[in-house]
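S.K.: From the sequence below, what's the structure:
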Amino acid sequence: MFSATTTSRLAQAATLANTAPGPRGGRLLPDRLDQPAELPVALPNWNFDEDPSSATLRSVRKLRAAVAGIWQDAHALDIDAALEGVNHLLASAGPVHVIAPEPATERTPAVLAAGQDSDVPEKTLSTSLALALAEVALAGELTRLRTCSGEDCTNAFVDLTRNRSKQFCDEANCANRAHVKAYRARQAAESSDRGDHSDHPDHSDDPDHEAESDEMSSEHGSLEDAQEKKDKAGKKKAKKGKKKK
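M.R.: Numbers count the residues shown, from 1 in each chain. Sure, this is the predicted structure:
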């Protein structure tokens, strides 16, 4: 679907977006890019200085906001807005060109490139993510940029499934939490249904109810006896009438 390089960069873009404060996997997490020293920890794949500057932190936080905005627009299926965000990142990346990756043959697909080897880490990060998102847009796959459907989770992730069916992030066990919640809801519904059937309690051990049942049976028996006597009297009368004839 995407090249290994693009897939890796998209994962890094999601990681960056998910450092923002907010609900993550059922917990409300603070900003994980609150101090410059947190940059190497939050983004270990980029060669930040051991003691990054406040200016570097501001640049990365600005990039984070841009990436998160693209993700949210793509998830909401507002592709025009998502493309506008990608174009904004590309503009800041500078001139974009195509190169042949190494090693390559005459049939190896070219890739997008930008920037200089001398760029500072935050500039390299911004350029790399801009190129990856541009490739996703060119492939018509921006809708694969998703936001977790888990309760109290807004993590960004990339849906790489064939049928675009991924709903939950992989970082916070959100799929399992959703399944457990659904299971408990079904159990509660089944318990409620059983409770509805028990609205008519069993009075078999209730003395008052037993006495009432006996009384009803006795009354019913008396009525049957009276009807039986009446039927017998009628038959006798009919026999007498036949004899007189």
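S.K.: Just say helix, strand or coil for residue 77.
M.R.: The three-state label given to residue 77 by DSSP: H, G, I helix; E, B strand; the rest coil is coil.
S.K.: Could you pull out the strands in the protein for me?
M.R.: 22-24, 27-29, 96-99, 111-114, 145-147, 156-158 (DSSP state E).
S.K.: most packed of the ones you listed?
M.R.: strand 156-158 (a mean of 24; mean count of other CB atoms under 10 Å). Quick note: C-beta positions are derived from backbone N, CA and C, even for glycine.
S.K.: about what we covered before: what would the strands of the chain look like in CSV with mean pLDDT?
M.R.: Shown next, in CSV, are those (pLDDT from 0 to 100):
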stretch, mean pLDDT
strand 22-24, 94
strand 27-29, 94
strand 96-99, 90
strand 111-114, 89
strand 145-147, 97
strand 156-158, 96
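S.K.: Could you export those strands as CSV, including distance to residue 5?
M.R.: Output for the strands of the chain, formatted as CSV (distance: least, CB to CB, whole Å):
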stretch, distance to residue 5
strand 22-24, 27
strand 27-29, 29
strand 96-99, 12
strand 111-114, 7
strand 145-147, 17
strand 156-158, 14
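S.K.: Those strands: which one's closest to residue 13?
M.R.: strand 156-158 (7.7 Å; CB to CB).
S.K.: Name every strand pairing with the closest one and say which way it goes.
M.R.: strand 145-147 (antiparallel) (DSSP bridges).
S.K.: circling back to that earlier point, among the strands of the chain, which is nearest residue 80?
M.R.: strand 145-147 (14.5 Å).
S.K.: Considering only helices and strands, which part of the chain has the lowest mean pLDDT?
M.R.: One helix or strand of the chain scores below all others by mean pLDDT, DSSP states H and E: helix 207-244, with a mean of 48.
S.K.: ok, residue 143 - contacts?
M.R.: Residues in contact with residue 143, defined by CB atoms under 8 Å, 6 or more residues apart in numbering, are 74, 77, 79, 164.
S.K.: Which residue lies closest in space to the third one, excluding its sequence neighbours?
M.R.: Excluding the flanking residues, the one nearest residue 79 by CB to CB, 6 or more residues apart in numbering is residue 142, at 5.8 Å.
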